[in-house]
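> sequence and predicted model, in that order:
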Amino acid sequence: MVSVRKKISVIGSGFTGTTTALMVAQKELGDVVLVDILDMEDPTKGKALDMAEAAPVQGFDAKITGTSDYADTKDSDLVIITAGIARKPGMTREDLVNTNAKIMNAVTKEIVKYSENTTIIVLTNPVDAMTYSVYKASGLPKERVIGQSGVLDTARFRAFVAEELNISVKDITGFVLGGHGDDMVPLIRYSYAGGIPLEKLISKDRLEEIVERTRTGGGEIVNLLGNGSAYYAPAASLTVMVEAILKDQRRILPSIAYLEGEYGYDGIYLGVPTVLGGSGIEEIIELDLTDEEIQQLDKSAESVKKVIDILK
Ligand SMILES: NC(=O)c1ccc[n+]([C@@H]2O[C@H](COP(=O)([O-])OP(=O)(O)OC[C@H]3O[C@@H](n4cnc5c(N)ncnc54)[C@H](O)[C@@H]3O)[C@@H](O)[C@H]2O)c1
Ligand SMILES: O=C(O)C[C@H](O)C(=O)O
């Protein structure tokens with residue numbers, strides 16, 4: 001019998017890859033194939049088997065396999081790329097560019113060899129530029145190559161605001177535009193607690209501090225962990241994007257999208273509000289921005305462009 005379940009391949013069986021594999025399986029979004037390099041094949045098989053053995057306890061039905069053979073990813077509905085190196089304290093995300101760009105080229109060629117019409121979500125850093133690399137190497141349409149940063153950056157902002165107000169995280173909505181770097185642009189004007197603008201509930205100075213903590217949120221975790229970067233919140237962020245696409249939910253979520261004129265930028269990947277559904281990025285939502293917000297977004301886009309230029 002042919003399986004009607006969705007097939008999700010996760011490339012890279014490190015911290016973010018394995019956590020994502022478990023989360024998407026727990027939500028029964030599809031069967032999962034976890035892929036890593038040959039040297040990692042046995043540990044990857046071991047991690048997949050361990051997750052499969054959690055399924056009866058938690059009551060989820062999803063087949064999880066570990067492999068180093070891309071033939072096992074054949075006909076994936078969706079592929080998540082987490083392969084590559086992560087930063088350590090003292091490093092920037094941009095320090096990873098040369099090593100990870102080579103990895104993006106290699107893994108993308110293998111992915112599209114076996115799944116020529118798939119959708120790819122990229123996590124590997126520096127993620128705006130790595131998404132651009134994957135887009136160029138894959139030959140897939142732009143709406144099917146998407147980067148993850150905004151869901152995570154917004155989640156951090158929402159977590160900090162919820163803590164500040166002592167209010168449920170469920171009632172906080174936020175908005176982060178721009179590249180996944182320290183000059184990303186959290187948009188206070190579009191952020192609410194239970195529908196009430198945050199500016200009415202938190203002082204300007206305190207909001208500025210929360211924005212700054214959001215911008216450096218990745219680094220805060222890197223410094224605390226000492227030997228790697230965040231993985232629980234990144235995996236949760238990927239999972240919500242996977243769900244929106246595979247269930248054709250048409251959710252408004254921030255994604256790293258290829259821009260052709262939107263927000264005044266052309267030929268770069270950048271974090272913007274999007275509608276995510278069955279075709280991938282189904283729409284890019286353009287917001288009216290103030291002069292100050294445009295200036296901040298320009299600065300962030302300029303940083304992303306510099307990294308993309310290294311790849312060209
Ligand atoms: N965009 C974001 O919001 C975000 C969030 C968290 C992490 N990241 C990035 O994701 C990446 C992975 O982070 P991590 O914590 O999982 O790192 P990790 O070191 O735990 O795992 C990376 C895995 O990739 C594998 N790998 C390396 N080269 C490969 C190849 N050619 N093919 C297949 N697998 C390969 C490694 O063997 C390793 O298992 C890093 O670049 C990190 O900076 C991005
Ligand atoms: O900060 C990092 O290096 C990892 C990731 O981009 C994050 O924001 O947690």
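Perfect, thanks for sending it. All values derive from a computational prediction rather than experimental measurement. Ligands and ions are numbered 1, 2, ... in the order given.
> what mean pLDDT does stretch 113-132 have?
Stretch 113-132 carries an average pLDDT of 98.
> what about dumping the CA coordinates of that stretch to PDB?
Extracted as PDB, the C-alpha positions of stretch 113-132 are listed here (Å, rounded to 0.1, in the frame of the first residue of the first chain):
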ATOM      1  CA  LYS A 113      18.200  15.000  -7.200                       C
ATOM      2  CA  TYR A 114      15.600  13.000  -5.300                       C
ATOM      3  CA  SER A 115      12.800  15.500  -4.700                       C
ATOM      4  CA  GLU A 116      12.700  17.800  -7.700                       C
ATOM      5  CA  ASN A 117       9.400  19.600  -6.700                       C
ATOM      6  CA  THR A 118       9.900  19.900  -2.900                       C
ATOM      7  CA  THR A 119       9.700  22.800  -0.600                       C
ATOM      8  CA  ILE A 120      12.900  23.600   1.400                       C
ATOM      9  CA  ILE A 121      13.100  25.500   4.700                       C
ATOM     10  CA  VAL A 122      16.600  26.600   5.600                       C
ATOM     11  CA  LEU A 123      17.800  27.100   9.200                       C
ATOM     12  CA  THR A 124      21.600  27.100   8.800                       C
ATOM     13  CA  ASN A 125      23.400  30.400   9.500                       C
ATOM     14  CA  PRO A 126      23.900  33.000   8.400                       C
ATOM     15  CA  VAL A 127      20.400  32.100   7.400                       C
ATOM     16  CA  ASP A 128      19.400  34.900   5.000                       C
ATOM     17  CA  ALA A 129      22.500  34.300   2.800                       C
ATOM     18  CA  MET A 130      22.300  30.500   3.200                       C
ATOM     19  CA  THR A 131      18.700  30.600   2.000                       C
ATOM     20  CA  TYR A 132      19.900  32.600  -1.000                       C
END
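> buried residues of it, list them for me.
By 16 or more other CB atoms under 10 Å, the buried positions in stretch 113-132 come out as 114-115, 118-132. For every residue, glycine as well, the C-beta is placed using N, CA and C.
> do the same with stretch 207-226
For stretch 207-226, by 16+ other CB under 10 Å, it's 207, 210, 211, 214, 215, 217, 218, 219, 221, 222.
> any chance of the residues you listed in a markdown table, with distance to residue 154 and pLDDT too?
Below are the buried residues of stretch 207-226 laid out as a markdown table (distance: CB to CB, whole Å; pLDDT from 0 to 100):
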| residue | distance to residue 154 | pLDDT |
| --- | --- | --- |
| 207 | 15 | 96 |
| 210 | 12 | 97 |
| 211 | 12 | 96 |
| 214 | 8 | 97 |
| 215 | 12 | 96 |
| 217 | 11 | 97 |
| 218 | 13 | 98 |
| 219 | 17 | 98 |
| 221 | 16 | 98 |
| 222 | 19 | 98 |
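> among those, which are in strands?
Judged by DSSP state E, these include no members of strands.
> nearest to ligand 2 among those?
residue 218 (2.3 Å; CB to the nearest ligand atom).
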